[in-house]
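> mind looking at a prediction? Sequence and model below.
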Amino acid sequence: MSRKSKCILCLLVFGIVVVLSGLQSVSAQESTSPTVVLFIRLDNEIINPVTAEYIIDAIDHAEEINALCLVLELDTPGGLLESTRDIVKRILNARVPVICYVYPSGARAASAGVFITLASHIAAMAPSTNIGAAHPVSIGGSPMPSPPEKEPPIKKKEESEEEKKEKEPEKKEQEKPAHPAQDIMSEKIINDASAWIRAIAEYRGRNADWAEEAVRKSVSLTETEALKKNVIDLIAPSEEELIAAINGKEVKLLDRTIRLNTTKTVLQHLTMSRRQRLLNILANPNIAYLLLILGFYGLLFEITHPGGMFPGIAGALCLILAAYALQMLPVNYAGLILIIMGLLMFVAEVKVTSYGLLTIGGLISLTLGSIMLIRAPQPFIGVSLSLILPVVIATGVIVVFLISLVVKTHKRRALTGKEGLIGEIGSAMEDLQPQGKVFVHGEIWDAIAETPLKKGESIQVVNMEGFRLRVKPVSTSQEQPESTQ
(Lines give C-alpha, C1' and ligand atoms only; values in the text may rest on other atoms or scores of the structure.)
Protein backbone atom coordinates (compact mmCIF):
# COMPACT_ATOMS: atom_id res chain seq x y z
CA MET A 1 0.00 0.00 0.00
CA SER A 2 1.39 3.36 -1.00
CA ARG A 3 1.92 6.21 1.39
CA LYS A 4 -0.87 8.21 -0.23
CA SER A 5 -3.36 5.39 0.24
CA LYS A 6 -2.45 5.09 3.91
CA CYS A 7 -3.09 8.77 4.44
CA ILE A 8 -6.51 8.56 2.81
CA LEU A 9 -7.42 5.51 4.93
CA CYS A 10 -6.39 7.28 8.11
CA LEU A 11 -8.49 10.31 7.21
CA LEU A 12 -11.52 8.09 6.58
CA VAL A 13 -11.13 6.30 9.89
CA PHE A 14 -10.72 9.62 11.69
CA GLY A 15 -13.86 11.02 10.01
CA ILE A 16 -15.90 7.96 10.98
CA VAL A 17 -14.77 8.23 14.59
CA VAL A 18 -15.71 11.93 14.70
CA VAL A 19 -19.17 11.28 13.21
CA LEU A 20 -19.91 8.39 15.60
CA SER A 21 -18.81 10.39 18.61
CA GLY A 22 -21.01 13.30 17.48
CA LEU A 23 -24.02 11.03 17.09
CA GLN A 24 -23.36 9.53 20.50
CA SER A 25 -23.21 12.96 22.12
CA VAL A 26 -26.44 14.00 20.39
CA SER A 27 -28.21 10.86 21.53
CA ALA A 28 -26.86 11.38 25.03
CA GLN A 29 -28.14 14.95 25.03
CA GLU A 30 -31.53 13.75 23.79
CA SER A 31 -31.69 11.09 26.46
CA THR A 32 -30.84 13.60 29.16
CA SER A 33 -32.96 16.47 27.75
CA PRO A 34 -35.96 17.34 29.96
CA THR A 35 -39.44 16.19 28.90
CA VAL A 36 -42.52 18.40 28.99
CA VAL A 37 -45.45 17.79 31.33
CA LEU A 38 -48.38 19.92 30.20
CA PHE A 39 -50.87 21.27 32.80
CA ILE A 40 -54.36 22.57 32.07
CA ARG A 41 -57.09 23.59 34.51
CA LEU A 42 -60.85 23.15 34.55
CA ASP A 43 -62.33 24.95 37.57
CA ASN A 44 -65.85 25.78 36.45
CA GLU A 45 -68.99 24.18 35.05
CA ILE A 46 -68.90 22.32 31.75
CA ILE A 47 -71.77 24.36 30.32
CA ASN A 48 -70.67 25.09 26.76
CA PRO A 49 -68.62 23.59 23.90
CA VAL A 50 -65.78 26.06 24.61
CA THR A 51 -64.71 24.08 27.68
CA ALA A 52 -64.64 20.85 25.68
CA GLU A 53 -62.72 22.62 22.89
CA TYR A 54 -60.12 23.85 25.37
CA ILE A 55 -59.43 20.35 26.73
CA ILE A 56 -59.45 18.73 23.27
CA ASP A 57 -57.07 21.36 21.87
CA ALA A 58 -54.76 20.81 24.86
CA ILE A 59 -54.61 17.06 24.15
CA ASP A 60 -53.88 17.80 20.47
CA HIS A 61 -51.09 20.19 21.49
CA ALA A 62 -49.61 17.62 23.88
CA GLU A 63 -49.49 15.08 21.06
CA GLU A 64 -47.89 17.60 18.68
CA ILE A 65 -45.04 18.49 21.04
CA ASN A 66 -44.68 14.84 22.12
CA ALA A 67 -45.25 15.74 25.77
CA LEU A 68 -44.64 13.12 28.43
CA CYS A 69 -48.21 13.51 29.69
CA LEU A 70 -51.08 15.96 30.11
CA VAL A 71 -52.33 16.78 33.61
CA LEU A 72 -55.93 18.02 33.85
CA GLU A 73 -56.46 19.79 37.17
CA LEU A 74 -60.15 19.38 37.91
CA ASP A 75 -62.59 21.21 40.17
CA THR A 76 -66.12 21.10 38.74
CA PRO A 77 -69.70 20.60 39.97
CA GLY A 78 -70.59 18.98 36.63
CA GLY A 79 -72.13 20.13 33.39
CA LEU A 80 -73.81 19.21 30.14
CA LEU A 81 -73.75 15.61 28.94
CA GLU A 82 -72.87 16.34 25.30
CA SER A 83 -69.74 18.36 26.14
CA THR A 84 -68.71 15.69 28.66
CA ARG A 85 -69.03 12.97 26.01
CA ASP A 86 -66.73 14.90 23.68
CA ILE A 87 -64.11 15.28 26.41
CA VAL A 88 -64.29 11.61 27.46
CA LYS A 89 -64.02 10.35 23.87
CA ARG A 90 -60.92 12.46 23.25
CA ILE A 91 -59.26 11.27 26.47
CA LEU A 92 -59.96 7.61 25.67
CA ASN A 93 -58.36 8.04 22.23
CA ALA A 94 -55.40 10.18 23.31
CA ARG A 95 -51.90 9.17 22.18
CA VAL A 96 -50.34 10.72 25.31
CA PRO A 97 -51.21 9.82 28.90
CA VAL A 98 -53.92 12.03 30.41
CA ILE A 99 -53.79 12.41 34.19
CA CYS A 100 -56.88 13.76 35.94
CA TYR A 101 -55.95 15.50 39.18
CA VAL A 102 -58.73 16.73 41.50
CA TYR A 103 -56.89 19.75 42.88
CA PRO A 104 -56.46 21.86 45.03
CA SER A 105 -57.68 20.84 48.49
CA GLY A 106 -61.40 21.50 48.77
CA ALA A 107 -62.00 20.76 45.08
CA ARG A 108 -64.53 18.24 43.80
CA ALA A 109 -65.17 16.07 40.78
CA ALA A 110 -68.95 15.83 40.75
CA SER A 111 -71.39 14.71 38.08
CA ALA A 112 -69.57 15.13 34.74
CA GLY A 113 -66.27 15.30 36.63
CA VAL A 114 -66.70 11.64 37.65
CA PHE A 115 -66.86 10.52 34.01
CA ILE A 116 -63.76 12.54 33.12
CA THR A 117 -61.79 11.26 36.14
CA LEU A 118 -62.61 7.60 35.44
CA ALA A 119 -61.75 8.01 31.74
CA SER A 120 -58.23 9.33 32.42
CA HIS A 121 -55.18 7.06 32.26
CA ILE A 122 -54.17 8.02 35.81
CA ALA A 123 -56.63 9.42 38.36
CA ALA A 124 -55.30 11.37 41.33
CA MET A 125 -56.81 13.51 44.08
CA ALA A 126 -55.47 16.06 46.53
CA PRO A 127 -56.23 15.80 50.26
CA SER A 128 -59.67 17.07 51.39
CA THR A 129 -61.31 16.55 48.00
CA ASN A 130 -64.29 14.43 46.97
CA ILE A 131 -65.68 12.64 43.95
CA GLY A 132 -69.15 11.33 43.08
CA ALA A 133 -72.82 12.35 42.81
CA ALA A 134 -73.17 11.61 39.10
CA HIS A 135 -76.92 10.96 39.18
CA PRO A 136 -78.64 12.48 36.11
CA VAL A 137 -81.07 15.31 36.79
CA SER A 138 -84.16 16.45 34.96
CA ILE A 139 -84.48 19.63 32.95
CA GLY A 140 -85.86 21.49 35.94
CA GLY A 141 -82.87 20.55 38.04
CA SER A 142 -84.57 17.94 40.25
CA PRO A 143 -83.03 14.47 40.50
CA MET A 144 -84.57 11.83 38.27
CA PRO A 145 -86.21 9.00 40.20
CA SER A 146 -84.14 5.84 40.06
CA PRO A 147 -85.82 2.75 38.67
CA PRO A 148 -87.46 0.86 41.52
CA GLU A 149 -85.46 -2.08 42.75
CA LYS A 150 -87.28 -5.38 42.67
CA GLU A 151 -87.77 -6.82 46.11
CA PRO A 152 -87.72 -10.58 46.65
CA PRO A 153 -91.18 -12.08 46.90
CA ILE A 154 -92.46 -12.75 50.41
CA LYS A 155 -94.48 -15.84 51.01
CA LYS A 156 -97.94 -15.10 52.24
CA LYS A 157 -100.74 -17.27 53.41
CA GLU A 158 -103.22 -18.26 50.74
CA GLU A 159 -106.22 -16.01 50.42
CA SER A 160 -109.74 -17.00 49.59
CA GLU A 161 -111.28 -16.21 46.21
CA GLU A 162 -113.48 -13.49 47.73
CA GLU A 163 -110.51 -11.72 49.35
CA LYS A 164 -108.60 -11.86 46.05
CA LYS A 165 -111.52 -10.25 44.19
CA GLU A 166 -111.79 -7.49 46.80
CA LYS A 167 -108.04 -6.65 46.65
CA GLU A 168 -107.78 -6.88 42.86
CA PRO A 169 -108.89 -3.22 42.15
CA GLU A 170 -106.46 -1.93 44.82
CA LYS A 171 -103.57 -3.83 43.24
CA LYS A 172 -104.36 -2.39 39.79
CA GLU A 173 -104.38 1.15 41.19
CA GLN A 174 -101.05 0.60 42.92
CA GLU A 175 -99.46 -0.90 39.79
CA LYS A 176 -100.41 2.14 37.68
CA PRO A 177 -97.43 4.53 37.37
CA ALA A 178 -98.19 8.14 38.26
CA HIS A 179 -96.31 9.47 35.23
CA PRO A 180 -95.59 6.52 32.90
CA ALA A 181 -93.89 8.57 30.15
CA GLN A 182 -91.66 10.43 32.62
CA ASP A 183 -90.72 7.21 34.43
CA ILE A 184 -89.77 5.51 31.16
CA MET A 185 -87.65 8.47 30.01
CA SER A 186 -85.93 8.73 33.40
CA GLU A 187 -85.16 5.02 33.35
CA LYS A 188 -83.71 5.29 29.85
CA ILE A 189 -81.41 8.19 30.78
CA ILE A 190 -80.22 6.55 33.99
CA ASN A 191 -79.61 3.19 32.33
CA ASP A 192 -77.69 4.84 29.50
CA ALA A 193 -75.50 6.84 31.90
CA SER A 194 -74.94 3.76 34.08
CA ALA A 195 -73.86 1.61 31.15
CA TRP A 196 -71.56 4.35 29.87
CA ILE A 197 -69.78 4.96 33.17
CA ARG A 198 -69.48 1.20 33.82
CA ALA A 199 -67.87 0.71 30.42
CA ILE A 200 -65.39 3.53 31.12
CA ALA A 201 -64.48 2.15 34.56
CA GLU A 202 -64.02 -1.40 33.28
CA TYR A 203 -61.87 -0.19 30.39
CA ARG A 204 -59.53 1.61 32.82
CA GLY A 205 -59.60 -1.23 35.36
CA ARG A 206 -61.39 0.78 38.04
CA ASN A 207 -64.29 0.03 40.38
CA ALA A 208 -67.22 -0.31 37.98
CA ASP A 209 -69.74 -1.17 40.71
CA TRP A 210 -69.08 2.05 42.58
CA ALA A 211 -69.17 4.01 39.32
CA GLU A 212 -72.65 2.68 38.62
CA GLU A 213 -73.77 3.52 42.16
CA ALA A 214 -72.51 7.08 41.65
CA VAL A 215 -74.98 7.38 38.77
CA ARG A 216 -77.90 5.50 40.26
CA LYS A 217 -77.63 6.55 43.93
CA SER A 218 -75.50 9.75 43.82
CA VAL A 219 -72.92 8.29 46.21
CA SER A 220 -69.72 10.25 46.88
CA LEU A 221 -66.29 9.44 48.27
CA THR A 222 -63.43 11.30 49.91
CA GLU A 223 -59.95 10.91 48.44
CA THR A 224 -58.94 8.22 50.96
CA GLU A 225 -62.14 6.23 50.38
CA ALA A 226 -61.73 6.58 46.62
CA LEU A 227 -58.19 5.18 46.84
CA LYS A 228 -59.31 2.22 48.95
CA LYS A 229 -62.17 1.39 46.58
CA ASN A 230 -59.96 1.53 43.47
CA VAL A 231 -61.68 4.60 42.06
CA ILE A 232 -58.42 6.59 41.82
CA ASP A 233 -54.76 5.58 41.60
CA LEU A 234 -53.03 7.89 44.05
CA ILE A 235 -53.23 10.89 46.41
CA ALA A 236 -50.86 13.82 45.91
CA PRO A 237 -50.87 17.07 47.90
CA SER A 238 -49.14 19.18 45.22
CA GLU A 239 -48.16 19.23 41.55
CA GLU A 240 -44.52 18.39 42.33
CA GLU A 241 -45.51 15.41 44.48
CA LEU A 242 -47.87 14.23 41.74
CA ILE A 243 -45.03 14.26 39.19
CA ALA A 244 -42.83 12.34 41.62
CA ALA A 245 -45.60 9.81 42.36
CA ILE A 246 -46.24 8.90 38.71
CA ASN A 247 -42.55 8.26 38.01
CA GLY A 248 -42.11 4.69 36.79
CA LYS A 249 -45.84 4.01 36.32
CA GLU A 250 -46.88 2.05 33.24
CA VAL A 251 -49.62 3.58 31.11
CA LYS A 252 -51.50 1.67 28.43
CA LEU A 253 -52.28 3.76 25.36
CA LEU A 254 -54.22 2.71 22.29
CA ASP A 255 -51.28 1.16 20.42
CA ARG A 256 -48.58 0.73 23.06
CA THR A 257 -47.67 0.66 26.72
CA ILE A 258 -45.19 3.24 28.04
CA ARG A 259 -43.39 3.75 31.31
CA LEU A 260 -43.37 7.32 32.62
CA ASN A 261 -39.97 8.79 33.47
CA THR A 262 -40.36 12.08 35.32
CA THR A 263 -36.80 12.43 36.64
CA LYS A 264 -36.16 15.39 34.34
CA THR A 265 -39.34 17.23 33.44
CA VAL A 266 -40.39 20.77 32.63
CA LEU A 267 -43.85 21.81 33.84
CA GLN A 268 -45.81 23.96 31.38
CA HIS A 269 -49.23 25.45 32.11
CA LEU A 270 -51.51 25.95 29.13
CA THR A 271 -54.36 28.43 29.55
CA MET A 272 -57.29 29.25 27.30
CA SER A 273 -56.57 31.37 24.25
CA ARG A 274 -57.99 34.90 24.06
CA ARG A 275 -60.67 33.68 21.68
CA GLN A 276 -61.65 30.83 23.99
CA ARG A 277 -61.72 33.13 27.02
CA LEU A 278 -63.98 35.59 25.18
CA LEU A 279 -66.31 32.84 23.97
CA ASN A 280 -66.36 31.28 27.42
CA ILE A 281 -67.48 34.61 28.90
CA LEU A 282 -70.15 35.08 26.22
CA ALA A 283 -71.43 31.53 26.67
CA ASN A 284 -72.14 32.17 30.34
CA PRO A 285 -75.96 31.97 30.69
CA ASN A 286 -76.09 35.16 32.79
CA ILE A 287 -74.02 37.15 30.25
CA ALA A 288 -76.07 35.80 27.33
CA TYR A 289 -79.31 36.74 29.12
CA LEU A 290 -78.05 40.24 29.93
CA LEU A 291 -76.95 40.79 26.31
CA LEU A 292 -80.38 39.64 25.11
CA ILE A 293 -82.24 42.08 27.38
CA LEU A 294 -79.91 45.01 26.57
CA GLY A 295 -80.22 44.27 22.85
CA PHE A 296 -84.01 44.41 22.98
CA TYR A 297 -83.92 47.60 25.04
CA GLY A 298 -81.58 49.24 22.52
CA LEU A 299 -83.73 48.37 19.51
CA LEU A 300 -87.00 49.29 21.21
CA PHE A 301 -85.57 52.67 22.26
CA GLU A 302 -84.47 53.30 18.66
CA ILE A 303 -87.92 52.36 17.36
CA THR A 304 -89.79 54.56 19.82
CA HIS A 305 -87.25 57.43 19.58
CA PRO A 306 -85.84 57.28 16.03
CA GLY A 307 -82.75 59.25 15.11
CA GLY A 308 -80.53 58.40 18.09
CA MET A 309 -78.54 55.77 16.09
CA PHE A 310 -76.33 54.73 19.03
CA PRO A 311 -79.04 52.78 20.96
CA GLY A 312 -80.02 50.96 17.77
CA ILE A 313 -76.42 50.04 16.83
CA ALA A 314 -75.57 48.99 20.39
CA GLY A 315 -78.78 46.98 20.64
CA ALA A 316 -78.11 45.18 17.35
CA LEU A 317 -74.57 44.27 18.46
CA CYS A 318 -75.85 42.97 21.80
CA LEU A 319 -78.48 40.85 20.05
CA ILE A 320 -75.90 39.37 17.66
CA LEU A 321 -73.59 38.47 20.57
CA ALA A 322 -76.55 37.06 22.51
CA ALA A 323 -77.60 34.92 19.53
CA TYR A 324 -74.06 33.56 19.22
CA ALA A 325 -73.92 32.81 22.95
CA LEU A 326 -77.36 31.19 23.06
CA GLN A 327 -76.58 28.85 20.16
CA MET A 328 -73.89 27.29 22.38
CA LEU A 329 -76.38 26.79 25.24
CA PRO A 330 -79.45 24.56 25.57
CA VAL A 331 -82.04 27.27 24.89
CA ASN A 332 -85.74 26.79 25.60
CA TYR A 333 -87.46 28.68 22.78
CA ALA A 334 -90.71 28.93 24.76
CA GLY A 335 -88.79 31.03 27.30
CA LEU A 336 -87.34 33.19 24.52
CA ILE A 337 -90.82 33.83 23.08
CA LEU A 338 -92.13 34.76 26.54
CA ILE A 339 -89.34 37.32 26.97
CA ILE A 340 -90.13 38.89 23.58
CA MET A 341 -93.86 38.97 24.40
CA GLY A 342 -93.14 40.65 27.73
CA LEU A 343 -91.06 43.39 26.13
CA LEU A 344 -93.71 43.98 23.45
CA MET A 345 -96.34 44.33 26.18
CA PHE A 346 -94.26 47.08 27.80
CA VAL A 347 -94.13 48.98 24.50
CA ALA A 348 -97.88 48.53 24.03
CA GLU A 349 -98.50 49.87 27.54
CA VAL A 350 -96.96 53.19 26.57
CA LYS A 351 -99.14 53.41 23.45
CA VAL A 352 -102.40 51.91 24.76
CA THR A 353 -104.32 52.69 27.93
CA SER A 354 -104.71 49.33 29.69
CA TYR A 355 -104.77 50.60 33.30
CA GLY A 356 -101.63 48.58 34.12
CA LEU A 357 -102.81 45.19 32.79
CA LEU A 358 -100.20 45.10 30.02
CA THR A 359 -97.46 46.01 32.51
CA ILE A 360 -98.47 43.19 34.87
CA GLY A 361 -98.70 40.74 31.98
CA GLY A 362 -95.31 41.88 30.67
CA LEU A 363 -93.64 41.43 34.05
CA ILE A 364 -95.09 37.92 34.46
CA SER A 365 -94.09 36.98 30.91
CA LEU A 366 -90.57 38.37 31.34
CA THR A 367 -90.07 36.56 34.67
CA LEU A 368 -91.30 33.18 33.43
CA GLY A 369 -89.37 33.50 30.17
CA SER A 370 -86.15 34.38 32.00
CA ILE A 371 -86.47 31.35 34.27
CA MET A 372 -87.27 29.04 31.34
CA LEU A 373 -84.70 30.51 28.92
CA ILE A 374 -82.00 27.88 29.54
CA ARG A 375 -83.00 24.21 29.67
CA ALA A 376 -80.76 23.67 32.67
CA PRO A 377 -80.26 20.04 33.74
CA GLN A 378 -78.57 21.44 36.86
CA PRO A 379 -79.41 24.66 38.77
CA PHE A 380 -75.98 26.27 38.28
CA ILE A 381 -76.31 26.08 34.49
CA GLY A 382 -79.43 28.27 34.18
CA VAL A 383 -79.81 32.02 34.50
CA SER A 384 -79.28 33.13 38.09
CA LEU A 385 -82.38 34.25 39.95
CA SER A 386 -80.31 37.00 41.55
CA LEU A 387 -79.93 38.47 38.04
CA ILE A 388 -83.49 37.84 36.88
CA LEU A 389 -85.14 39.69 39.78
CA PRO A 390 -83.16 42.98 39.37
CA VAL A 391 -83.78 42.95 35.61
CA VAL A 392 -87.53 42.41 36.05
CA ILE A 393 -87.79 45.01 38.82
CA ALA A 394 -85.74 47.57 36.85
CA THR A 395 -87.88 46.94 33.78
CA GLY A 396 -91.07 47.47 35.78
CA VAL A 397 -89.74 50.72 37.28
CA ILE A 398 -88.73 52.03 33.84
CA VAL A 399 -92.10 51.18 32.31
CA VAL A 400 -94.03 52.79 35.19
CA PHE A 401 -91.84 55.90 34.90
CA LEU A 402 -92.50 56.16 31.15
CA ILE A 403 -96.23 55.69 31.66
CA SER A 404 -96.29 58.45 34.29
CA LEU A 405 -94.54 60.80 31.83
CA VAL A 406 -97.12 59.99 29.17
CA VAL A 407 -100.01 60.61 31.58
CA LYS A 408 -98.52 63.95 32.68
CA THR A 409 -98.07 64.99 29.07
CA HIS A 410 -101.71 64.21 28.30
CA LYS A 411 -102.90 66.17 31.34
CA ARG A 412 -100.69 69.20 30.69
CA ARG A 413 -102.41 72.12 28.95
CA ALA A 414 -101.01 72.90 25.51
CA LEU A 415 -98.93 76.06 25.31
CA THR A 416 -98.89 76.53 21.52
CA GLY A 417 -101.42 76.59 18.68
CA LYS A 418 -105.17 76.75 19.12
CA GLU A 419 -105.14 74.79 22.39
CA GLY A 420 -102.47 77.07 23.79
CA LEU A 421 -104.62 80.21 23.26
CA ILE A 422 -107.86 78.92 24.73
CA GLY A 423 -108.21 80.10 28.32
CA GLU A 424 -105.59 82.88 27.95
CA ILE A 425 -106.27 86.28 29.54
CA GLY A 426 -105.89 89.44 27.44
CA SER A 427 -107.31 92.95 27.01
CA ALA A 428 -109.55 94.68 24.48
CA MET A 429 -107.63 97.19 22.29
CA GLU A 430 -110.88 98.82 21.20
CA ASP A 431 -114.58 98.58 21.82
CA LEU A 432 -115.96 95.24 20.68
CA GLN A 433 -119.49 95.71 19.27
CA PRO A 434 -119.16 92.73 18.98
CA GLN A 435 -116.00 92.66 16.76
CA GLY A 436 -112.67 94.34 17.28
CA LYS A 437 -109.00 93.93 18.17
CA VAL A 438 -107.67 92.22 21.31
CA PHE A 439 -104.17 91.75 22.74
CA VAL A 440 -103.56 88.13 23.83
CA HIS A 441 -100.36 86.18 24.44
CA GLY A 442 -98.19 89.04 23.21
CA GLU A 443 -100.06 89.28 19.88
CA ILE A 444 -102.91 91.31 18.38
CA TRP A 445 -105.87 89.23 17.21
CA ASP A 446 -109.21 89.83 15.57
CA ALA A 447 -111.90 88.89 18.04
CA ILE A 448 -115.62 88.63 18.41
CA ALA A 449 -117.25 89.11 21.80
CA GLU A 450 -120.31 87.31 23.01
CA THR A 451 -121.30 90.50 24.93
CA PRO A 452 -120.21 94.07 24.16
CA LEU A 453 -116.81 95.04 25.61
CA LYS A 454 -115.13 98.35 26.18
CA LYS A 455 -111.56 99.29 25.34
CA GLY A 456 -109.07 98.16 28.02
CA GLU A 457 -111.46 95.65 29.57
CA SER A 458 -109.95 92.27 30.48
CA ILE A 459 -111.05 89.36 28.32
CA GLN A 460 -110.56 85.59 28.20
CA VAL A 461 -110.33 83.45 25.07
CA VAL A 462 -113.00 80.77 25.00
CA ASN A 463 -112.56 79.47 21.44
CA MET A 464 -110.84 80.03 18.11
CA GLU A 465 -112.61 80.08 14.76
CA GLY A 466 -110.05 80.17 11.97
CA PHE A 467 -107.87 83.22 12.77
CA ARG A 468 -110.50 84.93 14.89
CA LEU A 469 -110.86 84.56 18.64
CA ARG A 470 -114.11 84.28 20.51
CA VAL A 471 -113.78 86.06 23.84
CA LYS A 472 -115.70 86.88 27.00
CA PRO A 473 -115.22 89.31 29.82
CA VAL A 474 -113.02 87.84 32.57
CA SER A 475 -115.73 88.28 35.21
CA THR A 476 -118.29 86.41 33.09
CA SER A 477 -115.90 83.56 32.31
CA GLN A 478 -115.03 83.13 35.99
CA GLU A 479 -118.67 83.06 37.01
CA GLN A 480 -119.63 80.62 34.25
CA PRO A 481 -116.54 78.61 33.28
CA GLU A 482 -116.86 76.55 30.15
CA SER A 483 -114.92 73.44 29.12
CA THR A 484 -113.28 73.99 25.80
CA GLN A 485 -111.75 70.55 25.50
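It's in. Numbers count the residues shown, from 1 in each chain.

> the residue most central in space within the chain and Leu81, how far apart?
Closest to where the C-alpha atoms of the chain average out (Cα atoms, centre = their mean) is Pro285, at 1.6 Å. The gap separating Pro285 from Leu81 is 17 Å, by Cβ to Cβ, to the nearest Å. Heads up, the C-betas are built off the backbone N, CA and C, glycines and all.

> swap in Gln276?
21 Å.

> what helix or strand does Ile131 sit in?
Assigned by DSSP states H and E, Ile131 belongs to strand 130-132.

> so the residue nearest to the centre of the chain touches Leu329, yeah?
Yes: Pro285 is within contact range of Leu329, at 6.0 Å (criterion: Cβ atoms under 8 Å).

> what do the two both touch?
Applying Cβ atoms under 8 Å, 6 or more residues apart in numbering, one finds that Pro285 and Leu329 are jointly contacted by Ile47, Ile374.

> wait, a helix at Leu291?
Yes: the assignment for Leu291 by DSSP: H, G, I helix; E, B strand; the rest coil puts it in a helix.

> measure how buried it is and give me the count.
21 (other Cβ atoms under 10 Å).

> which one is it nearest to, not counting chain neighbours?
Nearest residue to Leu291, sequence neighbours excluded (Cβ to Cβ, 6 or more residues apart in numbering): Ala322, at 3.8 Å.

> show me what the strand or helix carrying that neighbour is packed against.
If you go by DSSP H and E, Ala322 is part of helix 310-326. Applying 3 or more Cβ pairs under 8 Å, 6 or more residues apart in numbering; DSSP states H and E, one finds that helix 310-326 contacts helix 274-282, helix 285-304.

> could you list every helix and strand that the first one packs against?
Of the remaining helices and strands, those touching helix 274-282 by 3+ Cβ pairs under 8 Å, 6+ apart are helix 49-64, helix 285-304, helix 310-326.

> what's the closest of the ones you listed to Glu187?
For those, proximity to Glu187 was assessed by Cβ to Cβ; helix 49-64 is nearest, at 27.3 Å.

> which is the next helix or strand following the closest one?
strand 69-74.

> partners of that following strand, with directions?
Here strand 69-74 is paired, per DSSP bridges, with strand 35-42 (parallel), strand 98-102 (parallel).

> next one: it to chain centre, how far?
25 Å (Cα atoms, centre = their mean, to the nearest Å).

> that older thread, tell me the confidence at the residue nearest to the centre of the chain?
Looking at Pro285, its pLDDT is 85.

> so for Ile232, what's the nearest residue that isn't a sequence neighbour?
Spatially, and ignoring its direct neighbours in sequence, Ile232 is nearest to Ala123 (4.1 Å; Cβ to Cβ, 6+ apart).

> surely the one you found is in a strand?
Yes: counting by three-state DSSP, Ala123 falls inside a strand.

> is it correct that it is in contact with Ile235?
No: shown here, Ala123 and Ile235 do not form a contact pair, counting by Cβ under 8 Å, at 10.4 Å.

> more crowded one of these two?
Neighbours were counted for Ala123 and for Ile235 using other Cβ under 10 Å; Ala123 has more, 26 against 18.

> beta partners of that one?
Here Ala123, judged by DSSP bridges, has bridge partners Cys100.

> for the remainder of this discussion, apply numbering that starts at 226.
Sounds good: first residue 226 from here, last item Ala348.

> and the gap between it and Phe626?
57 Å.

> picking up where we left off before, winner for burial among the helices and strands packed on helix 535-551?
The highest mean neighbour count among the helices and strands packed on helix 535-551, using mean count of other Cβ atoms under 10 Å, belongs to helix 510-529: a mean of 19.

> how big is the angle separating that helix from helix 535-551?
150 degrees (axes from the mean of the first three to the mean of the last three Cα atoms, to 10 degrees).

> quick check, pLDDT for Ile483.
pLDDT, Ile483: 93.

> which one is it nearest to, not counting chain neighbours?
In space, and not counting its chain neighbours, Ile483 is closest to Val476: 5.6 Å by Cβ to Cβ, 6+ apart.

> so the residue nearest to Val696 when sequence neighbours are not counted, which of the three states?
Of all residues not flanking Val696 in the chain, Ile684 sits nearest, at 4.2 Å (Cβ to Cβ, 6+ apart). Under the three-state scheme (three-state DSSP), Ile684 adopts strand.

> and Ile684, what are its bridge partners?
With DSSP bridges as the rule, Ile684 is bridged to Gly651, Pro698.

> out of the helices and strands packed on helix 535-551, which is closest to Glu298?
helix 499-507 (16.6 Å).

> tell me the contacts of the closest residue to Gly540 other than its chain neighbours?
Computed as Cβ to Cβ, 6+ apart, the closest residue to Gly540 that is not its neighbour in sequence is Gly523, at 2.0 Å. For Gly523, the contacting residues are Pro536, Gly537, Ile538, Ala539, Gly540, Ala541, Cys543, Leu544, by Cβ under 8 Å, 6+ apart.

> could you verify my assumption that the second one touches Leu524?
Yes: counting by Cβ under 8 Å, Leu524 is a contact partner of Gly537 at 6.2 Å.

> remind me what the strand or helix carrying Glu465 packs against, helices and strands.
When elements are assigned from DSSP H and E, Glu465 belongs to helix 464-470. With contacts defined as 3+ Cβ pairs under 8 Å, 6+ apart, helix 464-470 has these neighbours: strand 323-327, strand 490-494.

> now those in TSV, with distance to Ala573, mean pLDDT and mean neighbour count?
Formatted as TSV, the helices and strands packed on helix 464-470 follow (distance: least, Cβ to Cβ, whole Å; pLDDT from 0 to 100; neighbours: other Cβ atoms under 10 Å):
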stretch	distance to Ala573	mean pLDDT	mean neighbour count
strand 323-327	53	97	27
strand 490-494	54	92	14
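
> wait, which of these is closest to Thr342?
Thr342 lies closest, by Cβ to Cβ, to one member of these: strand 323-327, at 4.6 Å.

> what is the helix or strand that comes right after the closest one packed up against?
Sequence-wise, the next helix or strand downstream of strand 323-327 (DSSP H and E) is strand 333-335. Helices and strands touching strand 333-335, by 3+ Cβ pairs under 8 Å, 6+ apart, are strand 323-327, strand 355-357.

> gap between strand 333-335 and the chain center?
Centroid displacement of strand 333-335 relative to its chain, using Cα atoms, centre = their mean, is 20 Å.

> again, but for stretch 672-679
The answer for stretch 672-679 is 74 Å, by Cα atoms, centre = their mean.

> mind listing what's buried in that stretch?
Ala672, Ala674, Leu678 (16 or more other Cβ atoms under 10 Å).

> in strands, which of those residues fall?
Ala672, Ala674 (DSSP state E).

> now render the buried residues of stretch 672-679 as JSON lines, adding pLDDT.
Output for these, formatted as JSON lines (pLDDT from 0 to 100):
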{"residue": "Ala672", "pLDDT": "88"}
{"residue": "Ala674", "pLDDT": "86"}
{"residue": "Leu678", "pLDDT": "84"}
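
> before we move on, the earlier item: for Ser590, find the nearest of the strands paired with strand 294-299.
strand 260-267 (36.9 Å).

> let me know the angle separating the closest one from helix 274-289.
In terms of direction (the same axes, to 10 degrees), strand 260-267 departs from helix 274-289 by 180 degrees.

> can you point out the buried residues in strand 260-267?
Thr260, Val262, Leu263, Phe264, Ile265, Arg266, Leu267.

> same question for stretch 612-626.
Leu612, Ile613, Val616, Val617, Thr620, Gly621, Val624.
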